[in-house]
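[1] just coords:
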């Protein structure tokens, strides 16, 4: 080829065409690769700098997979922590359920002693109550002038009242009440019946002192036919309580007489008594009483000593007996009043009046004392003493026909407990004065000196006129109650000290009883405040029994034991005898329930163990002691080491519970709760640490991603071509190449002409 000689113009055009082809190839390479620097020949500095940046970006990109796996390891650990926290909360719920379950012991360990008179408001109690004396108003006798003081022997009954008819119109005692009789003879001779218009008819009644006398036609029934509890005597059937039925007979054969009527009146007024046996009534005049009579045609009515007499009935009948001047079918009333005397009270007491003394009832009755001459027998369970009939429990009846003020005082003392009654099988009540007590009396001024007794403060209320008669209605006579307080001593344990050594880690107790000031203890609440810090509690019952027992937290412990402590001492123990500390008694049902809770708790611990083991990712478990190392840069100088923890049940400080040891009382349950709270705090702390590490890893992950972009952008900035420029260059070079080809063709024209000559 060297022997070929080209013209200068051809050679010049050929070189230009070659240069353009080279430039065009370079431009096309840049357009195809998008880079202006494709090799070290293009730009050594930029090429190697960009290559270094790309290599670093590649290295960092390779680290992102490891970082992403680390994030998942942390996420798995965090998920495990969340589940463990929920399991711990379930375990807490079980422990709290044990606290809310009935305490596992039916009886807790306790010591007790009785403090006489102690209450929750004042634990000091009383050494004793002293009987006080309360004075009534002056009580006067019935002596003339009304200013003579009564005495203990003043009778409750008064002088019998007498009312004699003014005419001899009634015949004698055998005069019939029924029949078709004519008026009595004017000369006073005995006739055989009352006047016709005075005859009592079937169903007529008389009311005597509130009792009812009923007239019936026909003959009286036999003993076997009378109502239960009633008795028949002649023409009279009586119920034993003063109510009677008088049988008149028939018009042709009159039966009842004036004497029968008077007997019925005396039964109602208490002048007579009746004894009923198998339907037969035996009527007798009460001891010290005088029966109403009829003689020489004149009727004489008499009251009893225990009550005034009031007879209400048809006026014609009472007029026929010459007891009233009223006439007609309407009612009339005859009153026969007693009179008082120096031997009796100046005021008569109403039959049926009562005194209520400290809840016991004293009743005043117009009758002779049962068991006396002509009186019914003493009821079973009761006893008589003087004119007082008592049930032995403080309830009494004072009988007015023989009773005295001394009998009233005796009944009051039985009600207050100043005196006691022993009842024999024969119905005799033997009274005795209680130890240290004084019987109630009446002084020379006529005042009742009533002993309150020691059992209760005195409270007397009454019905009828009892309060007024005995001077108990106050200065105005209108008071409805008579009261007086006992004398009480200062607390029996005042100044005494009670001590307990530390019980189950509590604060030792040192209690001095007093008025509640200067650190002393008076009330039950104050005592419990002291005992609470030593895991003890106190109660007191209505009898003053002070009981100190363990709290529910330590129901399984025994007071004073070597294991629990709480030995009792102090000066109070010499004043009071405390019982030996009892051993707690398990409640089988409650303990079974608590044992079931132990089983549930242990199941939760098993779940904690398996959850901790399963909290792994890609073979790494931060909750089972593994470690995680994360590298953040290509030189491995930037890294993070995360040390794992062992958070199974043991790692969290939790141990399996034992039936019969754990949850047996609240203290055992509280110990478990304490461990659970500590485990919960540990989990929260670790969760915070994991969260912090996870944040760091995620920040570095984002940083690396951004850094890779920065590096790649920097590399591109050094090597990337400007496509706009290169496209323009390509177009220009293509044009230049076309022109060069044309020029080369022109340069070769002369040579082609020579070639034509050769042809």
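    That came in fine, so what should we check first? The model shown is predicted, which means the values in this text are computed figures rather than measured ones.

[2] only C-alpha atoms from now on, for both contacts and neighbour counts.
    Fine.

[3] and residue 79, how far from residue 621?
    Distance check for residue 79 against residue 621: by CA to CA, to the nearest Å, it reads 11 Å.

[4] between these two, which has more neighbouring residues?
    More neighbours surround residue 621 than the other of residue 79 and residue 621, with 24 against 16 (other CA atoms under 10 Å).

[5] tell me which element the nearest residue to the more buried one once chain neighbours are set aside is part of?
    Distances taken as CA to CA, 6 or more residues apart in numbering put residue 615 closest to residue 621, at 5.9 Å, once the chain neighbours are dropped. In the assignment (DSSP states H and E), residue 615 maps to no helix and no strand.

[6] do residue 461 as well
    strand 458-463.

[7] need the phi and psi values for residue 115.
    phi -110, psi 110 (degrees, to the nearest 10).

[8] does it touch residue 546 like I think?
    Yes. Between residue 115 and residue 546 there is a contact at 6.9 Å, judged by CA atoms under 8 Å.

[9] measure the residue nearest to residue 621 to residue 630 for me?
    For residue 615, the distance to residue 630 (CA to CA) stands at 19 Å.

[10] neighbour-wise, which of those two wins?
    residue 615 (23 against 20).

[11] just the helices in the stretch 251-400 of the chain please.
    In the stretch 251-400 of the chain, the helices defined using DSSP state H, counting those that start in this stretch lie at 258-269, 315-320.

[12] the first one - contacts with which helices or strands?
    Taking 3 or more CA pairs under 8 Å, 6 or more residues apart in numbering; DSSP states H and E as the contact definition, the neighbouring helices and strands of helix 258-269 are strand 205-208, strand 211-216, strand 244-247, strand 272-277, strand 293-295.

[13] tell me the angle it makes with strand 272-277.
    Interaxial angle, helix 258-269 versus strand 272-277 (axes from the mean of the first three to the mean of the last three CA atoms, to 10 degrees): 90 degrees.

[14] show me what contacts the closest residue in space to residue 336 that isn't next to it in sequence?
    Using CA to CA, 6+ apart and skipping the chain neighbours, the partner closest in space to residue 336 is residue 309 (4.8 Å). Going by CA atoms under 8 Å, 6 or more residues apart in numbering, residue 309 touches 161, 208, 209, 269, 302, 303, 335, 336, 337.

[15] now with 7 Å, please.
    209, 269, 303, 335, 336, 337 (CA atoms under 7 Å, 6 or more residues apart in numbering).

[16] quick one: it from residue 265, how far?
    Separation of residue 309 from residue 265 (CA to CA) stands at 9 Å.

[17] do residue 629 as well
    To residue 265, residue 629 is 123 Å away according to CA to CA.

[18] residue 102 now?
    72 Å.

[19] what's the answer for residue 550, then?
    Distance, residue 550 to residue 265, by CA to CA: 73 Å.

[20] those two: which is more packed in?
    residue 265 (31 against 26).

[21] could I get the contacts of residue 309 as CSV with distance to residue 500 and pLDDT?
    Shown next, in CSV, are these (distance: CA to CA, whole Å; pLDDT from 0 to 100):
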residue, distance to residue 500, pLDDT
209, 71, 94
269, 72, 93
303, 75, 94
335, 78, 94
336, 77, 94
337, 75, 94
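
[22] from these, pick the one nearest residue 516.
    Within these, the smallest distance to residue 516 is 61.2 Å, found for residue 209 (CA to CA).

[23] burial of that closest one, as a residue count?
    When neighbours are counted by other CA under 10 Å, residue 209 registers 19.

[24] for the nearest residue to it once chain neighbours are set aside, give the beta-bridge partners.
    Nearest residue to residue 209, sequence neighbours excluded (CA to CA, 6+ apart): residue 310, at 5.4 Å. For residue 310, the beta-bridge partners under DSSP bridges are residue 335.

[25] from here on, count from 44
    With 44 as the first residue, the last one maps to residue 353.

[26] if I pick residue 353, what's in contact with it?
    Applying CA under 7 Å, 6+ apart, we find residue 353 in contact with 251, 252, 376, 377, 378, 379.

[27] out of the residues you listed, which is most surrounded?
    Counting neighbours by other CA under 10 Å, the top entry in the contacts of residue 353 is residue 251, with 24 neighbours.

[28] what confidence value was assigned to residue 532?
    Residue 532 is assigned a predicted lDDT (pLDDT) of 65.

[29] all helices of the stretch 694-802 of the chain, in order?
    Counting by DSSP H, counting those that start in this stretch, the helices of the stretch 694-802 of the chain are 709-762, 766-790, 792-801.

[30] verify the stated contact: residue 288 with residue 282.
    No. Judged on CA atoms under 7 Å, residue 288 makes no contact with residue 282 at a distance of 8.9 Å.

[31] domain boundaries for this structure, per the record?
    Structurally, the chain divides into domains by automatic domain parsing as follows: 51-99+752-801, 111-145+632-748, 149-170+534-629, 176-198+388-531, 205-379.

[32] what is the burial count for residue 188?
    8.

[33] again, but for the one 10 residues further on
    Burial of residue 198, expressed as a neighbour count using other CA under 10 Å, amounts to 29.
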